[in-house]
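> Test case, fold it:
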Amino acid sequence: MIYLALGSNLSGAFASSEALMEAAIARLSRARLRVHARSPLYQTPPVGPAGQAAYVNAVLAVSSNLAPLGLLAECHAIEAEFGRRRRVKWGPRTLDIDILDYRGQRCQHRIDLPHPRLAQRGFVLQPLRQIAPAWRHPVSGRHIAQLLADLPIGELNSVKRLKS
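Predicted coordinates:
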């Protein structure tokens, strides 16, 4: 299985980041991949430059015949369709799509797999646990419950599930 993380804190042409995220998930369903499961939407404080709005985050379980770099290119094209402009590292964005785990593969050439900060991010681990409660980190082998237990309590408490 392939796991993707989505995030937004700029609504672009949409009424809200929540509406943008729903449209992005629908768009991904029409891409060269199949969505098997999706987490609820979560609201989280921003990581990066100060003064940003809160993020809306979700995680998807997908399958695809695309190789990792092909999938990354597809994700970047969809981000651009939704108005993503890469100006400031960790800055505000309409849509961010990260490949968290690509079938357990490990790679550090032109793409980092699994995502290098996956184990430190409650805003990724909590939604991931919703759709893959038995998931284990491909490098450390640690169960998702263990990774969540290792996070600071403030990191966990800052991740708020939005009403569906």
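> Doesn't Leu4 belong to a strand?
Yes - the assignment for Leu4 by DSSP: H, G, I helix; E, B strand; the rest coil puts it in a strand.
> How many residues are close by it?
Number of residues near Leu4 (other Cβ atoms under 10 Å) recorded here: 24. Just so you know, the C-beta spots here come from the backbone N, C-alpha and C atoms, and that holds for glycine as well.
> how about the nearest residue to it, chain neighbours excluded?
Distances taken as Cβ to Cβ, 6 or more residues apart in numbering put Leu60 closest to Leu4, at 4.7 Å, once the chain neighbours are dropped.
> ok, now which ones touch that neighbour?
By Cβ atoms under 8 Å, 6 or more residues apart in numbering, Leu60 lies in contact with 3-4, 6, 25, 28, 35, 37-39, 131.
> And the helices in the protein, which stretches?
Along the chain, the stretches classed as helices by DSSP state H are 17-29, 68-81, 122-131, 144-150, 153-157.
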